[in-house]
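Asker: Show me how the following folds:
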Amino acid sequence: MSDNMEWIAQWKSTNALSNAWITKGELHHFFSHTLIFIIDGKAIWNINGHRVHVSYGELIALEENSVMEVIEGGNLDLAGWHVQFDTYSVLHERREAEKFEWHLPSGEVYQKVQLSGGSLASIIQHWSEEDTQEQSAGGVGHQHLLYELLKNLYRKQADNKQKPEHGILRSIDYMQQHHDQVITRMQLAQIAGISPWHYSRKFSERYGKPPLDYLAHYRIYRAQEELILTDATSQDIAKKSGFEDAHYFSRRFKQLTGVSPKKYRQTMTQRKIVSLSPICAEMMIHLGVIPHAVVVTPILLSPHHREQFIAHGVQMLEVAQYEVEIDLVRQAQPEIMIGNVLTEEVKRELRTIAPILTGLHPDVEPLLHQLAAWFFKEEKAHRLHQQMKHEVRVAKQQLQPIIQSASTVMLLRVEAFGYRYLGGHSHGASQLLYEQLGLALPQALQSGTAWFNPCSLDLLAQANPDYLFVEKRIMQHFSAEENMTKLWESPQWNDLKAVKNNRVYYVDTHLWVDGHGITGHTLILNQIIRNLTETNPM
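Answerer: This next block holds a predicted model:
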């Protein structure tokens, strides 16, 4: 595992990612080598001066004395573990070990790899068994986990070096980063490390078109995004997209899209659109724009979304949680893709298929107006927004006794790896409960800046809400059943006011998290009113 030097790794600690890992501006100093494993959500960090997107199933490795700052994480539902370890060289003749200066196999200041399904399952199994192990067995387990993670780190690095197409992938990365500059086939072949003729042949076999045609398509896709998202002139967009000649740009643009750059925006509703999220697709349907297809995760898909997509003939592209199957999207042959993506790596791959409109707002009303502006549906969006505001006003009237009494309301999430509470100044259901309806969050929870914040049973007891919503988190590779049972059997649970007064309500991830669009807004409001105003809650 190193250059002609035998060494060992010694586990030091394993800790869950705390609130400090999702709080913007927080600094983390790593005095030992560190492996960070993400099991939920996503975030953006600055690692040793580099902006890094991290997300589900990724392993991030850092050498000792590294520094990480949280850039974004407060609204991104992050969870995982970090493992610290030291390395020692083995001196057999002296029967002792001394500190070994370990470096990342990539040679970079950080290393990130996506773990395979088998590796994920193994690591998940380790943490699910951790609480039941004796201390000595736990120590052996931690050491085994450390080597399992290191094995993935070195295996991924070796795989990348051995792949014959790795040079072509490097050339594509160069195209994407420098598409606004002059690029020749000779340059790309040099970057790929093969002859120009061999490069063109291999590239065409893999992507169905010569490299410079591929580059021209990529440039037109970026121009389409600029035309939709900005007010820049065609001439400026042509230059920004890598076309020095505006007339040539206009001609190539029309060849690919069927219309001139000036008329492109007016044809948006006629385009073959793939939505990358059910909520985005639902919003479009409400606006009268029917997407061709939508990417869905079956275990998280709300029943009202499924019914809506079937009714409107929207093809559902089924994927695993936290995954976007690039080939599945490519087969749908989109002319435009709309929706947020989990990582920059996925975004880069999708951008080779068609233009992608991303950076969407997480809340219903701003997202509605964002989409309406792209499709020239502002009047329709205004009517929908007014209807939603009316529903909130009616709900507030019905909830006035609770609002005026300053009774506290909390949403507790039960997960396979612990508990979290919905923050009071975030998005989604947080906006609805605490901003729009004006319900009160317990004082003990006011400091939580994230969407869902870590919550111990002791913190739950301090919060002691008058009304408690409980969400049993649905996740593909984890079950929350064990922690739900632990919660019910804990002394903290039985002492809660909400439990004693029979004011505990169970809510569904399908609706409250993954189904909170325009239809979901109405359904959630109705559930809140029904639960908080009924005399004998379930």
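Asker: Look at P334 and give its secondary structure.
Answerer: Under DSSP: H, G, I helix; E, B strand; the rest coil, the three-state class of P334 is coil.
Asker: List phi and psi for it.
Answerer: Torsion angles at P334 (phi, psi; degrees, to the nearest 10) stand at phi -70, psi 150.
Asker: surely it meets H292?
Answerer: Yes - look at P334 against H292 with C-beta atoms under 8 Å: they come within range, at 6.9 Å. Quick note: C-beta positions are derived from backbone N, CA and C, even for glycine.
Asker: Find residues that contact each of these two.
Answerer: Common neighbours of P334 and H292, counting by C-beta atoms under 8 Å, 6 or more residues apart in numbering, are K272, I273, V274.
Asker: and the residues you listed as a markdown table, adding neighbour count and secondary structure?
Answerer: As requested, these are exported to a markdown table (neighbours: other C-beta atoms under 10 Å; DSSP: H, G, I helix; E, B strand; the rest coil):
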| residue | neighbour count | secondary structure |
| --- | --- | --- |
| K272 | 13 | coil |
| I273 | 26 | strand |
| V274 | 29 | strand |
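Asker: now, among those, which is nearest to E69?
Answerer: Ranked by distance to E69 (C-beta to C-beta), the shared contacts of P334 and H292 are led by V274 at 34.9 Å.
Asker: center of this structure - which residue?
Answerer: Most central residue of the chain, judged by C-alpha distance to the mean C-alpha position with C-alpha atoms, centre = their mean, is L342 at 3.6 Å.
Asker: what's the biggest strand by length in the chain packed up against?
Answerer: Of all the segments assigned as strand in the chain under DSSP state E, the longest by residue count is strand 79-91. Contact analysis of strand 79-91 by 3 or more C-beta pairs under 8 Å, 6 or more residues apart in numbering; DSSP states H and E lists strand 7-16, strand 33-40, strand 96-99, helix 135-162 as its packing neighbours.
Asker: ok and that strand relative to strand 33-40, angle-wise?
Answerer: Relative orientation of strand 79-91 with respect to strand 33-40: 150 degrees, computed using axes from the mean of the first three to the mean of the last three C-alpha atoms, to 10 degrees.
Asker: any idea of the mean pLDDT in strand 79-91?
Answerer: For strand 79-91, the mean per-residue pLDDT is 87.
Asker: How far does it sit from its chain's centre?
Answerer: Using C-alpha atoms, centre = their mean, to the nearest Å, the distance from the centre of strand 79-91 to the centre of the chain it belongs to is 27 Å.
Asker: just the helices and strands packed on strand 79-91: most buried one?
Answerer: With neighbours defined by mean count of other C-beta atoms under 10 Å, none of the helices and strands packed on strand 79-91 is more surrounded on average than strand 33-40, at a mean of 23.
Asker: Name the next helix or strand downstream of it, please.
Answerer: Note on strand 33-40: by DSSP states H and E, the next helix or strand toward the C-terminus is strand 42-47.
Asker: Just the buried positions in that next one, please.
Answerer: When neighbours are counted by 16 or more other C-beta atoms under 10 Å, the buried residues of strand 42-47 are found to be K42, A43, I44, W45, I47.
Asker: Closest one to A320 out of the residues you listed, please.
Answerer: For A320, the nearest member of those is K42. The distance, counting by C-beta to C-beta, is 15.5 Å.
Asker: Kindly provide the distance from that closest one to H427.
Answerer: K42 sits 15 Å away from H427 when distances are taken as C-beta to C-beta, to the nearest Å.
Asker: my guess is T343 contacts Y56, does it?
Answerer: No - contact status for T343 versus Y56: not in contact, 9.1 Å apart, counting by C-beta under 8 Å.
Asker: among the helices and strands of this structure, which has the poorest mean pLDDT?
Answerer: helix 117-130 (a mean of 64; mean pLDDT, DSSP states H and E).
Asker: Got the phi and psi for G258?
Answerer: Dihedral angles of G258 (phi, psi; degrees, to the nearest 10) stand at phi 90, psi -10.
Asker: mind listing what it touches?
Answerer: Shown in contact with G258 (C-beta under 8 Å, 6+ apart): T267.
Asker: and it, what pLDDT?
Answerer: G258 is assigned a predicted lDDT (pLDDT) of 93.
Asker: Surely Y56 touches G41?
Answerer: Yes - Y56 sits in contact with G41 when judged by C-beta under 8 Å, with a separation of 6.8 Å.
Asker: before we move on, the earlier item: can you put the buried residues of strand 42-47 in a markdown table and add pLDDT and distance to M68?
Answerer: As requested, the buried residues of strand 42-47 are arranged in a markdown table below (pLDDT from 0 to 100; distance: C-beta to C-beta, whole Å):
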| residue | pLDDT | distance to M68 |
| --- | --- | --- |
| K42 | 83 | 15 |
| A43 | 86 | 10 |
| I44 | 88 | 11 |
| W45 | 92 | 5 |
| I47 | 95 | 5 |
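Asker: where does this protein have low pLDDT?
Answerer: For the chain, residues meeting the criterion pLDDT under 70 lie at 1-5, 74-76, 91-97, 116-122, 124-139, 156-164, 535-538.
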